[in-house]
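Participant: Sequence plus predicted model, see below.
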Amino acid sequence: MLTIGIAGGTGSGKTTVAKAILEQLGPDHVTLISQDAYYHDHPELPFSRREQLNYDHPDSFDNDLLRNHLRDLQNGRSVEMPIYDFKKHGRSNHTIHVAVRPVVILEGIHVLVDAELRKLLDIKVFVDTDPDVRVLRRIRRDIEDRGRTIESVYEQYLTTVKPMHDAFIEPSKRFADLIIPEGGENEIAIALLTTRVSQFLTEFSRTRGLES
């Protein structure tokens with residue numbers, strides 16, 4: 001199995017890059033996992049308190065569960081991925097069944113921050129996009145998809161998003177094997193990465209053929 005980690009700041013285009021690879025190679029070969037699904041659940045806190053949590057700090061993720069799920073997939077065992085509801089700041093009662101595929105893509109802002117998580121990655125990618133572009137994408141996503149107000153997005157960006165990016169996400173770029181400028185708009189970089197994954201799938205299929 002080939003495990004690819006795609007990191008980068010909020011709105012950098014991580015998901016676009018991951019989905020581009022998935023679309024080109026097909027869901028029969030590639031499984032996509034988002035680190036966003038693994039936010040810690042805090043049912044013990046009232047909604048007003050959950051709203052105030054720092055969701056941009058590495059500790060906001062349940063990386064123990066995420067690492068366990070990656071290991072399970074790498075060892076041929078399917079997993080039940082959590083579903084995180086950003087409107088209520090909590091996990092859903094439902095999960096998503098993730099089947100075993102030859103390629104696993106994990107995308108998220110702190111994918112390259114956790115040292116133990118990095119050990120599980122065969123290819124480490126950092127999507128590097130201009131901060132102005134990222135913040136505009138963040139504003140649009142949070143308002144349209146997550147029901148936030150422009151005031152709350154602005155406050156969150158200044159108090160947690162930007163400080164956490166500067167402290168943790170940007171420094172994690174040094175761990176990347178490949179840096180993709182401009183995210184999903186960089187068709188050449190995506191094509192190069194997809195070609196590498198295609199080569200792995202060809203080798204994987206040949207090996208399976210020899211074993212059968």
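Facilitator: The structure has been received and is ready for your questions.
Participant: Without its sequence neighbours, what residue ends up closest to residue 129?
Facilitator: residue 12 (4.1 Å; CB to CB, 6 or more residues apart in numbering). All C-beta spots, glycine's among them, are computed from the backbone N, C-alpha and C.
Participant: cool, and residue 135?
Facilitator: residue 157 (6.2 Å).
Participant: same check, this time on residue 91
Facilitator: Here the residue nearest residue 91, using CB to CB, 6+ apart, is residue 41, at 4.2 Å.
Participant: cool, residue 72 as well?
Facilitator: Nearest-residue entry for residue 72: residue 79, 5.1 Å, with adjacent residues in sequence omitted and distances by CB to CB, 6+ apart.
Participant: what's the answer for residue 114, then?
Facilitator: residue 63 (5.2 Å).
Participant: Could you report the neighbour count for that neighbour?
Facilitator: The number of residues packed around residue 63, counting by other CB atoms under 10 Å, is 21.
Participant: Kindly report the same for residue 138.
Facilitator: Should you count by other CB under 10 Å, residue 138 turns out to have 19 residues around it.
Participant: Next one: it from residue 11, what distance?
Facilitator: Here the criterion is CB to CB, to the nearest Å. By it, residue 138 lies 4 Å from residue 11.
Participant: On the pLDDT front, check the one residue sitting closest to the centre of the chain for me.
Facilitator: Nearest residue to the geometric centre of the chain (CA atoms, centre = their mean): residue 107, 1.9 Å. For residue 107, the model assigns a pLDDT of 95.
Participant: now it, which residues is it bridged with?
Facilitator: residue 6, residue 34 (DSSP bridges).
Participant: could you pull out the strands for this protein?
Facilitator: Using DSSP state E, the strands of the chain run over 2-8, 30-34, 79-85, 90-98, 103-107, 123-128, 178-181.
Participant: list the helices and strands the longest helix seen in the chain packs on?
Facilitator: Within the chain, and with DSSP state H defining each element, the longest helix by residue count is helix 187-211. Helices and strands touching helix 187-211, as assessed by 3 or more CB pairs under 8 Å, 6 or more residues apart in numbering; DSSP states H and E, comprise strand 2-8, helix 14-25, strand 103-107, strand 123-128, strand 178-181.
Participant: Dump these into JSON lines; add distance to residue 208 as well.
Facilitator: Output for these, formatted as JSON lines (distance: least, CB to CB, whole Å):
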{"stretch": "strand 2-8", "distance to residue 208": "14"}
{"stretch": "helix 14-25", "distance to residue 208": "16"}
{"stretch": "strand 103-107", "distance to residue 208": "14"}
{"stretch": "strand 123-128", "distance to residue 208": "21"}
{"stretch": "strand 178-181", "distance to residue 208": "27"}
